[in-house]
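**Q** structure for the following, please:
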Amino acid sequence: MEAIKTMGLTKYYGKERGIINLDLLVKEGEFFGFIGPNGAGKSTTIRTLLGLLKPTDGKAAIFGKDIQKEQTEIRKQVGYLPSEAIFYQGMKVKDILKLSADLRKKNCEKEAKKLCERLQLDPGRKVEELSFGNRKKVGIVCALLHEPKLLILDEPTSGLDPLMQREFFQILKERNEEGTTVFLSSHILSEIQRNCTRAAIIREGSVTACDSVENLMKNRAKRVTVHGEFKPDFLKGVKDLKQIENGISFLYAGDINELIYQLSQKHMTDLVIAEPDLEEVFMHYYQDGGETA
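**A** From the prediction side, this is the model:
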């Protein structure tokens, strides 16, 4: 069964674009990435799927249930973490977690306690006393405590320190191995590459590529910055060549061994080979269209 299926899903805010003719298929049990820069349409897609926004056109279903007609049943099966979680002031963490469980009509005390311990979250603290990172932890526990079949996570790691990010993804991995479908929305390529098996890339409201993470990564170049005398005249796969102070910068999708050989023939004062940002990936590899969902 498909955990998520959209068919021409479209959302406009007046005349402003949200998402356009979005076709997406997420299989039950997948660890699926949904990636794009801020403003691409990730949150609009999620909020429309969850019934928080009414679609302008198109259809969608979660576990075969229509997102507009069967929202009550859908929400029983979904755990949702928004990019920014807001809670009632004056409440303690433990009260928020109990409220979340009560809304699900389920005793989640044991699972909530386990998650708080793993994420080092003090349930006795009041919301207004919490840092942004700790408020994010509260949102994570609320999303996971009722052990849903589908987790929809919108930019979940913002505010978490690296150790907590690692623990968070370990929890997600364990849930996924138990059969939970994970839908991870992010603008951080490394999160998708390390954790997801398949991913869709959204740009300007439309899916421009959808494939296994392995195949998507094959299409990605490196950003090479060289300070010194080097010129990439004899290299294939060079794009977006820019002159910078005392050197050059370019995207490179060719043979890495040839690059290293050519670099070794010249005098350099500094070299950086890094991942391109998402805007570069979209601009140079998906702007002419790609494999769609």
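**Q** surely I248 forms part of a strand?
**A** Yes - if the criterion is DSSP: H, G, I helix; E, B strand; the rest coil, then I248 is within a strand.
**Q** beta partners of it?
**A** Listed by DSSP bridges, the beta-bridge partners for I248 are V226, Q243.
**Q** tell me where the protein has helices.
**A** Assigned by DSSP state H, the helices in the chain fall at 42-49, 71-76, 93-103, 109-118, 132-144, 162-177, 189-195, 213-218, 256-264, 278-281.
**Q** for S249, which of those helices is the nearest?
**A** Among those, helix 278-281 comes nearest to S249, with 10.7 Å by Cβ to Cβ. C-beta here means a position set from N, CA and C on the backbone, and glycine is covered the same way.
**Q** on that earlier part again, using CSV, lay out the helices of the chain together with mean neighbour count, distance to A85 and mean pLDDT.
**A** Shown next, in CSV, are the helices of the chain (neighbours: other Cβ atoms under 10 Å; distance: least, Cβ to Cβ, whole Å; pLDDT from 0 to 100):
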stretch, mean neighbour count, distance to A85, mean pLDDT
helix 42-49, 23, 13, 96
helix 71-76, 14, 16, 92
helix 93-103, 18, 10, 95
helix 109-118, 16, 15, 96
helix 132-144, 22, 3, 95
helix 162-177, 15, 14, 96
helix 189-195, 17, 18, 85
helix 213-218, 15, 27, 74
helix 256-264, 13, 41, 92
helix 278-281, 18, 24, 58
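**Q** compile the ones you listed into TSV and extend it with columns for distance to D270.
**A** Below are the helices of the chain laid out as TSV (distance: least, Cβ to Cβ, whole Å):
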stretch	distance to D270
helix 42-49	35
helix 71-76	53
helix 93-103	47
helix 109-118	41
helix 132-144	34
helix 162-177	26
helix 189-195	23
helix 213-218	26
helix 256-264	11
helix 278-281	20
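**Q** list the contacts of G79.
**A** C142, A143, L144, H146, P148, L150, L151, I152 (Cβ atoms under 8 Å, 6 or more residues apart in numbering).
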